[in-house]
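J.: Sequence first, then the predicted structure, then my questions.
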Amino acid sequence: MKVFKFPRRALYLAYQSWQKRRRRGELLRYYVKPKEDSRNRIARWLDFYGTLLILWILSFVFLTTFWPGKIALSFSLAIVSSTGLLAAKIQKKRFQTETLYRKLRSLAEKYREKLKQFRTAEELASFLWPILESLPQFEQARPKGRKRDKTAKVPAGVIQATYRNVPVLVEFIPADQSPVDVSAVHNLVRTMKKQGYQYALLVTPGEFAPSTRRLVASLRSQYRIALVPEKELLYLVAQAEKIKESTDQITAEKTISLPSLSALKQVALDYKKGRAYLTAGAFLIGFHFLLGINNPVGKVYLFLAAVNLVLAVLCLVFGERETAPPDFHDLQPET
């Protein structure tokens, strides 16, 4: 008899909700222009160095309670210098990231206007599919061994593809048919029946009608159809351009024969390693208390724990986080 039942379903729904909120935040970074800093350059400079001056005064006054004046002065200057360098590094990285997103937002604006010009699904598919195919999770394929009507042809504007190793149909609908009504879903379902597909993506540079979303939700038990409206489509396009830029940058960096400091930082301060550093630091702190506070070996464990925790913080600050294109959870089986 189980005394405690693990809430697997509740945790899965909570994780899925968190993923959707995170994806919505990523979409806004490409779709909505953030508020600009109203301060001028001199005001930002005064705020930055004024904050460092206040931090130095507070740290110096605090450290004088433990050490003499000269030692407290040295430690406070070291703290302020390291804090200033760290803040400057963070600000520089933030500026570079915002510059990249500003470039991608302007690119998305151009694509938004261009996508409105296509009047037929075939033209839209021929323009968009090469862009989507450059993403790692999309691949054009014609899966074999599928029960389908051999006499039935795929309509114009429909691509047979693979999305994360799942065979899917990708149908493109022009923007002049926005909001897309339920007739598009009925036509797609008929095509899925003839071709033997259970999964599909419905892509449009416009929006979907509420009745269309309700119909797709009611068909989940038989057919999984993911709706990709304008916001998510522009996000995918921006991600494709971002991957293209990163690939060009990697190609340019391959000309360097010797390992550089940036390459070493990328290996040691990977964002994904932050959790491993944090876990190792927690275990080392636990071993320190198990061995005893005054135990010499325990002090070594405490030092290693501090190193791991510092590395974890550096991974969170300096580690480059990959923003993968959104997972269309409507296509993933529920667990």
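T.: Yep, it's here. Numbering: from 1, shown residues only.
J.: mind listing what's buried in the helix or strand in which Ser59 is found?
T.: Taking DSSP states H and E as the definition, one finds Ser59 inside helix 41-63. Under the neighbour-count criterion of 16 or more other CB atoms under 10 Å, helix 41-63 has Leu55, Trp56, Ser59, Phe60, Leu63 buried. In this view, the C-beta of every residue, glycine as well, is placed from N, C-alpha and C.
J.: and the first one, how far is that from Gly196?
T.: Distance check for Leu55 against Gly196: by CB to CB, to the nearest Å, it reads 66 Å.
J.: give the contact list for Leu304.
T.: Contact analysis of Leu304 by CB atoms under 8 Å, 6 or more residues apart in numbering lists Leu284.
J.: now the one helix or strand it maps to: how far from the chain's centre is it?
T.: Secondary structure from DSSP H and E places Leu304 in helix 296-318. With CA atoms, centre = their mean, to the nearest Å as the basis, helix 296-318 stands 27 Å off its chain's centre.
J.: Which residue ranges make up the domains of the chain?
T.: If you go by automatic domain parsing, the domain ranges for the chain are 33-115, 117-240.
J.: Show me where the stretch 101-250 of the chain has its helices.
T.: Counting by DSSP state H, counting those that start in this stretch, residue ranges of the helices within the stretch 101-250 of the chain are 121-133, 182-195, 210-218, 230-253.
J.: Quick check: the gap between Trp67 and Ala306.
T.: 20 Å.
J.: residues in contact with the residue nearest to Glu230 when sequence neighbours are not counted?
T.: Distances taken as CB to CB, 6 or more residues apart in numbering put Pro205 closest to Glu230, at 5.2 Å, once the chain neighbours are dropped. By CB under 8 Å, 6+ apart, the contact list for Pro205 reads Arg112, Leu115, Lys116, Phe118, Leu124, Pro174, Ala175, Ser178, Glu230, Leu233.
J.: burial count for the nearest residue to the first one once chain neighbours are set aside?
T.: The shortest distance from Arg112 to any residue other than its chain neighbours is 6.2 Å, reached at Leu234 (CB to CB, 6+ apart). When neighbours are counted by other CB atoms under 10 Å, Leu234 registers 22.
J.: Tell me where the stretch 1-150 of the chain has strands.
T.: 138-140 (DSSP state E, counting those that start in this stretch).
J.: pLDDT below threshold where in it?
T.: For the stretch 1-150 of the chain, applying pLDDT under 70 flags the ranges 1-10, 15, 18-40, 140-150.
J.: what residue of this structure is the furthest out?
T.: Each residue of the chain has a distance to the centre, and by CA atoms, centre = their mean the biggest one is for Pro68: 48.6 Å.
J.: Distance check, that one against Ser74.
T.: Relative to Ser74, and taking CB to CB, Pro68 is found at 10 Å.
J.: ok so, going back, not counting the helix holding Ser59 itself, show me its contacts.
T.: Contacts for helix 41-63 (CB under 8 Å, 6+ apart): 37, 39, 71-73, 75-77, 79-80, 83-84, 87, 91.
J.: By neighbours, which of the residues you listed wins?
T.: Ser76 (21 neighbours).
J.: For it, give me its contacts.
T.: Ser76 neighbours (CB under 8 Å, 6+ apart): Trp56, Ser59, Phe60, Leu63.
J.: If we use 10 Å, what do you get?
T.: Going by CB atoms under 10 Å, 6 or more residues apart in numbering, Ser76 touches Leu55, Trp56, Ile57, Leu58, Ser59, Phe60, Val61, Phe62, Leu63, Thr64, Trp67.
J.: For the residue nearest to Glu230, what are phi and psi?
T.: phi -80, psi 20 (degrees, to the nearest 10).
J.: For Val216, see how far away it is.
T.: 18 Å.
J.: cool, Ala72 as well?
T.: 66 Å.
J.: Please apply the same query to Phe208.
T.: Relative to Val216, Phe208 is positioned 8 Å away (criterion: CB to CB).
J.: Give the intersection of the neighbour lists for these two.
T.: Common contact partners of Phe208 and Val216 (CB under 10 Å, 6+ apart): Val182, Val185, Leu202, Leu227.
J.: Ranking by neighbours, what's the top pick from these?
T.: Going by other CB under 10 Å, Val185 tops the shared contacts of Phe208 and Val216 with 25 neighbours.
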